[in-house]
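Asks: Structure of the sequence below:
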Amino acid sequence: MILFGRNELMSSRLRGSEEALATLAWESLKGRARPHMLVGGLGMGFTLRAALAALPADAEITVGELVPKIVEWARGPLAHLFRDSLDDPRVEIAVRDVWELIAGSRATYDAILLDVDNGPDGLIHAANDRLYGDQGLRAAHAALRPGGVLAIWSAYPDKAFTERVRRAGFRVEEVKVRATGGRKGAHHVIWMAMRR
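Replies: Numbering: from 1, shown residues only. As a prediction, this is how the structure comes out:
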(Lines give C-alpha, C1' and ligand atoms only; values in the text may rest on other atoms or scores of the structure.)
Protein backbone atom coordinates (compact mmCIF):
# COMPACT_ATOMS: atom_id res chain seq x y z
CA MET A 1 0.00 0.00 0.00
CA ILE A 2 1.22 3.52 -0.77
CA LEU A 3 -0.14 6.28 1.47
CA PHE A 4 -0.18 10.06 1.27
CA GLY A 5 -0.65 11.07 4.88
CA ARG A 6 -3.70 9.02 5.87
CA ASN A 7 -5.04 8.73 2.32
CA GLU A 8 -4.50 5.41 0.57
CA LEU A 9 -3.20 6.16 -2.93
CA MET A 10 -2.91 2.61 -4.15
CA SER A 11 -2.86 -0.95 -2.97
CA SER A 12 -1.81 -4.23 -4.52
CA ARG A 13 -5.18 -5.65 -3.38
CA LEU A 14 -7.18 -3.24 -5.56
CA ARG A 15 -5.73 -3.25 -9.04
CA GLY A 16 -8.61 -4.20 -11.30
CA SER A 17 -9.56 -0.64 -12.23
CA GLU A 18 -5.92 0.31 -12.93
CA GLU A 19 -5.65 -2.67 -15.29
CA ALA A 20 -8.98 -1.75 -16.91
CA LEU A 21 -7.62 1.71 -17.65
CA ALA A 22 -5.20 0.13 -20.14
CA THR A 23 -7.42 -2.63 -21.50
CA LEU A 24 -10.44 -0.40 -22.13
CA ALA A 25 -8.26 2.15 -23.92
CA TRP A 26 -6.69 -0.50 -26.14
CA GLU A 27 -10.06 -2.10 -26.96
CA SER A 28 -11.14 1.21 -28.48
CA LEU A 29 -7.97 1.35 -30.63
CA LYS A 30 -7.40 -2.28 -31.69
CA GLY A 31 -5.90 -2.68 -35.11
CA ARG A 32 -3.79 0.48 -35.08
CA ALA A 33 -0.29 -0.07 -36.33
CA ARG A 34 2.58 1.15 -34.13
CA PRO A 35 0.34 2.62 -31.41
CA HIS A 36 1.88 5.10 -28.99
CA MET A 37 0.37 5.17 -25.50
CA LEU A 38 1.18 7.73 -22.81
CA VAL A 39 0.59 6.54 -19.24
CA GLY A 40 0.43 9.29 -16.63
CA GLY A 41 1.49 7.82 -13.30
CA LEU A 42 3.57 4.67 -12.76
CA GLY A 43 1.98 3.71 -9.45
CA MET A 44 2.50 0.02 -8.69
CA GLY A 45 2.77 -0.83 -12.38
CA PHE A 46 -0.62 -2.46 -12.88
CA THR A 47 -1.66 -0.18 -15.74
CA LEU A 48 1.72 -0.57 -17.43
CA ARG A 49 1.69 -4.36 -17.15
CA ALA A 50 -1.87 -4.54 -18.52
CA ALA A 51 -0.86 -2.30 -21.43
CA LEU A 52 2.16 -4.49 -22.20
CA ALA A 53 -0.02 -7.61 -22.17
CA ALA A 54 -2.56 -6.06 -24.55
CA LEU A 55 -0.51 -3.97 -26.98
CA PRO A 56 1.33 -5.40 -30.00
CA ALA A 57 5.10 -5.80 -30.33
CA ASP A 58 5.41 -2.60 -32.40
CA ALA A 59 3.78 -0.43 -29.71
CA GLU A 60 5.49 2.37 -27.82
CA ILE A 61 4.56 3.16 -24.21
CA THR A 62 5.79 6.31 -22.53
CA VAL A 63 5.24 6.52 -18.77
CA GLY A 64 5.35 9.95 -17.17
CA GLU A 65 6.09 9.74 -13.44
CA LEU A 66 6.60 12.90 -11.40
CA VAL A 67 8.09 11.24 -8.31
CA PRO A 68 11.57 9.70 -8.76
CA LYS A 69 11.09 7.62 -5.58
CA ILE A 70 8.24 5.69 -7.25
CA VAL A 71 10.59 4.62 -10.06
CA GLU A 72 13.23 3.71 -7.47
CA TRP A 73 10.70 1.56 -5.57
CA ALA A 74 9.68 -0.11 -8.85
CA ARG A 75 13.22 -1.38 -9.25
CA GLY A 76 13.65 -2.08 -5.52
CA PRO A 77 11.09 -3.17 -2.91
CA LEU A 78 8.20 -3.29 -5.42
CA ALA A 79 10.14 -5.10 -8.18
CA HIS A 80 8.08 -8.27 -7.62
CA LEU A 81 4.97 -6.34 -8.78
CA PHE A 82 6.65 -4.84 -11.83
CA ARG A 83 8.41 -8.04 -12.91
CA ASP A 84 10.29 -7.24 -16.14
CA SER A 85 7.92 -4.49 -17.36
CA LEU A 86 10.40 -1.62 -16.92
CA ASP A 87 12.93 -3.44 -19.12
CA ASP A 88 10.49 -4.15 -21.97
CA PRO A 89 11.87 -2.48 -25.14
CA ARG A 90 8.46 -0.89 -25.79
CA VAL A 91 8.68 1.14 -22.55
CA GLU A 92 10.24 4.53 -21.90
CA ILE A 93 10.09 5.93 -18.36
CA ALA A 94 10.11 9.76 -18.31
CA VAL A 95 10.72 11.07 -14.80
CA ARG A 96 8.83 14.30 -15.28
CA ASP A 97 5.37 15.78 -14.99
CA VAL A 98 2.99 14.14 -17.47
CA TRP A 99 1.60 17.64 -18.07
CA GLU A 100 4.87 18.53 -19.83
CA LEU A 101 4.60 15.47 -22.07
CA ILE A 102 1.04 16.38 -23.03
CA ALA A 103 1.42 20.15 -23.40
CA GLY A 104 4.51 19.77 -25.60
CA SER A 105 2.87 17.36 -28.05
CA ARG A 106 0.72 17.62 -31.15
CA ALA A 107 -0.98 14.52 -32.62
CA THR A 108 1.65 12.33 -30.93
CA TYR A 109 -0.31 9.72 -28.98
CA ASP A 110 -3.00 7.21 -29.85
CA ALA A 111 -3.95 6.98 -26.18
CA ILE A 112 -3.34 9.03 -23.07
CA LEU A 113 -4.08 7.29 -19.76
CA LEU A 114 -4.22 9.45 -16.64
CA ASP A 115 -4.06 8.03 -13.13
CA VAL A 116 -2.11 10.72 -11.33
CA ASP A 117 -4.44 11.52 -8.43
CA ASN A 118 -7.65 10.24 -6.80
CA GLY A 119 -9.74 11.85 -9.53
CA PRO A 120 -10.23 15.13 -11.34
CA ASP A 121 -9.55 17.15 -8.18
CA GLY A 122 -5.88 17.56 -7.30
CA LEU A 123 -5.76 15.91 -3.87
CA ILE A 124 -2.11 14.85 -3.84
CA HIS A 125 -0.47 17.50 -5.99
CA ALA A 126 -2.40 20.74 -6.55
CA ALA A 127 -0.78 21.23 -9.96
CA ASN A 128 -2.67 18.12 -11.15
CA ASP A 129 -5.71 20.40 -11.45
CA ARG A 130 -4.27 21.73 -14.69
CA LEU A 131 -4.53 18.27 -16.27
CA TYR A 132 -8.25 18.08 -15.54
CA GLY A 133 -9.23 21.67 -16.24
CA ASP A 134 -10.31 23.13 -19.58
CA GLN A 135 -6.74 23.96 -20.60
CA GLY A 136 -5.45 20.47 -19.78
CA LEU A 137 -8.27 18.70 -21.57
CA ARG A 138 -7.76 20.85 -24.67
CA ALA A 139 -4.01 20.09 -24.53
CA ALA A 140 -4.77 16.35 -24.30
CA HIS A 141 -7.12 16.65 -27.28
CA ALA A 142 -4.35 18.31 -29.31
CA ALA A 143 -1.77 15.71 -28.20
CA LEU A 144 -3.92 12.83 -29.49
CA ARG A 145 -3.94 11.56 -33.04
CA PRO A 146 -7.35 11.60 -34.78
CA GLY A 147 -9.63 9.00 -33.22
CA GLY A 148 -7.34 8.71 -30.19
CA VAL A 149 -8.58 8.10 -26.66
CA LEU A 150 -8.08 9.91 -23.38
CA ALA A 151 -8.78 7.50 -20.49
CA ILE A 152 -8.97 8.97 -16.99
CA TRP A 153 -9.12 6.98 -13.75
CA SER A 154 -11.03 8.21 -10.70
CA ALA A 155 -12.06 6.86 -7.31
CA TYR A 156 -15.45 8.55 -7.72
CA PRO A 157 -17.92 9.81 -10.38
CA ASP A 158 -18.18 13.49 -11.26
CA LYS A 159 -20.95 14.64 -13.64
CA ALA A 160 -19.54 18.15 -13.93
CA PHE A 161 -16.21 16.71 -15.06
CA THR A 162 -17.95 14.57 -17.69
CA GLU A 163 -19.44 17.75 -19.15
CA ARG A 164 -16.05 19.50 -19.03
CA VAL A 165 -14.53 16.65 -21.05
CA ARG A 166 -17.35 16.88 -23.60
CA ARG A 167 -16.84 20.65 -23.97
CA ALA A 168 -13.16 20.02 -24.77
CA GLY A 169 -14.22 18.24 -27.96
CA PHE A 170 -14.43 14.62 -26.86
CA ARG A 171 -17.15 12.02 -27.16
CA VAL A 172 -17.13 10.77 -23.57
CA GLU A 173 -18.50 7.83 -21.63
CA GLU A 174 -18.22 7.29 -17.86
CA VAL A 175 -17.51 3.60 -17.23
CA LYS A 176 -17.86 1.99 -13.80
CA VAL A 177 -15.37 -0.78 -13.07
CA ARG A 178 -14.75 -2.88 -9.97
CA ALA A 179 -11.68 -1.85 -8.01
CA THR A 180 -10.88 -5.53 -7.47
CA GLY A 181 -11.40 -6.56 -11.09
CA GLY A 182 -13.93 -9.13 -9.85
CA ARG A 183 -17.68 -9.16 -9.30
CA LYS A 184 -17.68 -7.67 -5.81
CA GLY A 185 -16.27 -4.62 -4.12
CA ALA A 186 -16.19 -0.89 -4.65
CA HIS A 187 -16.53 0.75 -8.04
CA HIS A 188 -14.09 3.18 -9.58
CA VAL A 189 -14.72 5.30 -12.66
CA ILE A 190 -12.89 5.50 -15.96
CA TRP A 191 -13.79 8.25 -18.39
CA MET A 192 -13.33 7.04 -21.95
CA ALA A 193 -13.00 10.19 -24.06
CA MET A 194 -12.59 9.75 -27.81
CA ARG A 195 -11.13 12.54 -29.91
CA ARG A 196 -13.73 13.41 -32.52
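Asks: Output the contacting helices and strands for the longest helix along the chain.
Replies: For the chain, the helix that runs over the most residues, judged by DSSP state H, is helix 16-27. Judged by 3 or more C-beta pairs under 8 Å, 6 or more residues apart in numbering; DSSP states H and E, helix 16-27 is in contact with strand 36-40, helix 46-54, strand 109-114, strand 144-154, strand 170-178, strand 187-195. C-betas here are computed from N, CA, C, even on glycine.
Asks: Ok, which of the ones you listed comes nearest residue 28?
Replies: strand 144-154 (5.0 Å; C-beta to C-beta).
Asks: Pull out the buried positions in that closest one.
Replies: By neighbour count on 16 or more other C-beta atoms under 10 Å, the buried set for strand 144-154 is 144, 145, 148, 149, 150, 151, 152, 153, 154.
Asks: Each with direction, which strands does it pair with?
Replies: strand 109-114 (parallel), strand 187-195 (antiparallel) (DSSP bridges).
Asks: Could you identify which of these is most buried?
Replies: strand 109-114 (a mean of 27; mean count of other C-beta atoms under 10 Å).
Asks: That one vs helix 46-54, what angle?
Replies: Orientation note: strand 109-114 sits at an angle of 150 degrees relative to helix 46-54 (axes from the mean of the first three to the mean of the last three C-alpha atoms, to 10 degrees).
Asks: Report the angle between strand 109-114 and strand 36-40.
Replies: Orientation check (the same axes, to 10 degrees): strand 109-114 against strand 36-40 gives 10 degrees.
Asks: Adjust the sequence numbering to begin at 782 for everything that follows.
Replies: Okay, residue one is now 782; in that scheme the one you just asked about reads as strand 890-895.
Asks: next SSE after strand 890-895?
Replies: Downstream of strand 890-895, the next assigned helix or strand under DSSP states H and E is helix 910-913.
Asks: helices and strands around that following helix, which ones?
Replies: Helix 910-913 packs on helix 879-884, going by 3+ C-beta pairs under 8 Å, 6+ apart.
Asks: Give me the contacts around the helix it packs on.
Replies: Outside helix 879-884, the residues within contact range by C-beta atoms under 8 Å, 6 or more residues apart in numbering are 819, 821-822, 843, 845-847, 875, 893, 895, 897, 908, 911-912, 917, 920-921, 924.
Asks: Got phi/psi on the residue lying closest to residue 949 once chain neighbours are set aside?
Replies: The shortest distance from residue 949 to any non-neighbouring residue, by C-beta to C-beta, 6 or more residues apart in numbering, is to residue 918 (3.6 Å). Backbone torsions of residue 918, given as degrees, to the nearest 10, read phi -70, psi -40.
Asks: give the contact list for residue 918.
Replies: The contact partners of residue 918, taken as C-beta under 8 Å, 6+ apart, are 931, 945, 946, 948, 949, 951.
Asks: Around the residue nearest to residue 917 when sequence neighbours are not counted, count how many other residues there are.
Replies: Spatial nearest neighbour of residue 917, chain neighbours left out: residue 911 (5.0 Å); criterion: C-beta to C-beta, 6+ apart. Counted by other C-beta atoms under 10 Å, the residues lying close to residue 911 total 17.
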